[in-house]
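S.K.: when you get a sec, could you give me coordinates for this:
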Amino acid sequence: MARTGAWQVPDIADDTENSSSDQESIQDDDSDSEDHERLTEDIRRHRKKSRSSRSSDQSESGVYDAADLHRPLIFEEYLYAKKTIQDFRREIRLLTEFASLNSTAVRKIVKKYDRRVGTSLLEAYLEKCKAHEQWKCLWSRVEAQLLVDCDALLAQVTDMKPHDASWEGRKVFSIGCFDLFHRGHENMLRMLREFGTFVVVGVHDDESYFKLKNKKTIHNTQQRVEHVKNFADMVFVIPDTNPTPWIRAMVSKQDVEAGRVCYVRGEDMIDFPGRDFVEANMPVFFLPRSEGVSSTLLRTIYHDQDASKAEKAAFARTDATGKPILEEG
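M.R.: Sure thing, here's the model as predicted:
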């Protein structure tokens, strides 16, 4: 898993907002490499700036405790470890489903062939498949044990979560668009619970989405809110490209002064709308993105009018932000 992010400071998101990082179409290799390097360098610069400013200013303000400077680094490793195990477990489960579907298909096809031709090839053919060097892993039961091991390791890592009593009762804010709700969105929203106990998510309405991204949503505001509310304690709609007034209305001065609020985003956008207000009032954390998934990729595959472009996108590599790269030729 590529770790292009840094931690705690501005933000970035799983295709959640601001169109500057969500260009509809697909970039070439050179521009992708440059964008990746620029993204990584921006994150490093913001991390360095954030730590410096927090150590000199924020610890004196009383809003942040000086000990917080070291906690995010430990917490970052915890989150990456947990997400890596969860991603691996999901891949094993998908492989198991793939093997099961293929096994069922083979049985039905050969069985039908036997009936039509009057042969009895099924069992012999299955044994041949099981013995094949490239296929035998699909017929083994090793994946079942891997799932058991993953569950045990995940429980162990969860028990190792850095504990901070000040995070109990903390409100966790995030904002996005969440169109074409996918696994990356779901992963990000689930992980918000790692930072506090009350999750508040803002969702841009259709009009502000169009102004931000210069394209219409696939799912309307109500549908997107319905998707998000399965993972949040409170959802509010933002009818503007600038979410600052609505964030300000949702965040109480008492929570800010008590340090009971933070802002969490994915790691594919540095300059997010409302950043000035957010950074001035609460710590900001980055989440590792889910590799290979983005709303842009889904939109290109399933909703682009150019069938050849959609086909290429379906099998294309993805860049640092999860968007497809269309190679010439």
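S.K.: can you list the low-confidence ranges for the protein?
M.R.: Confidence mapping of the chain against pLDDT under 70 gives the ranges 1-73, 136-140, 268, 270, 288-329.
S.K.: can you show me the strands along it?
M.R.: In the chain, the strands defined using DSSP state E lie at 171-176, 198-204, 234-238, 261-266, 284-287.
S.K.: what segments of the stretch 151-300 of the chain are helices?
M.R.: 183-191, 206-213, 221-229, 244-250, 253-258, 275-281, 295-303 (DSSP state H, counting those that start in this stretch).
S.K.: show residues contacting stretch 247-255.
M.R.: In this structure, residues lying in contact with stretch 247-255 by CB atoms under 8 Å, 6 or more residues apart in numbering are 171, 173, 175, 200, 202, 236, 261, 274, 277-278, 281-282. C-beta coordinates here come from the backbone N, C-alpha and C atoms, glycine included.
S.K.: any chance of a PyMOL selection covering the buried ones in those residues?
M.R.: Applying 16 or more other CB atoms under 10 Å to those leaves a buried subset, and the PyMOL line that selects it is:
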select buried, resi 171+173+175+200+202+236+261+274+277+278+281+282
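S.K.: which one among the contacts of stretch 247-255 gets closest to residue 133?
M.R.: Nearest to residue 133, judged by CB to CB, of those is residue 175 at 50.4 Å.
S.K.: thinking again about what came up before, let me have the strands of the chain in a markdown table, adding distance to residue 247 as columns.
M.R.: Listed next are those as a markdown table, based on distance: least, CB to CB, whole Å:
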| stretch | distance to residue 247 |
| --- | --- |
| strand 171-176 | 7 |
| strand 198-204 | 7 |
| strand 234-238 | 9 |
| strand 261-266 | 8 |
| strand 284-287 | 12 |
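S.K.: what's the closest of those strands to residue 86?
M.R.: Per CB to CB, nearest to residue 86 of the strands of the chain: strand 284-287, 12.6 Å.
S.K.: sheet-wise, list the partners of that closest one with their directions.
M.R.: strand 261-266 (parallel) (DSSP bridges).
S.K.: what's the end-to-end length of stretch 249-267?
M.R.: Stretch 249-267 has its terminal residues 25 Å apart, counting by CA to CA, to the nearest Å.
S.K.: flag every buried residue along that stretch.
M.R.: 250-251, 255, 259-267.
S.K.: for residue 179, see how far away residue 167 is.
M.R.: 30 Å (CB to CB, to the nearest Å).
S.K.: between the two, which has more neighbouring residues?
M.R.: Using other CB atoms under 10 Å, the more surrounded residue of residue 167 and residue 179 is residue 179, with 29 against 18.
S.K.: pretty sure residue 277 sits against residue 245.
M.R.: No. Look at residue 277 against residue 245 with CB atoms under 8 Å: they stay out of range, at 9.1 Å.
S.K.: cheers, nothing more for now.
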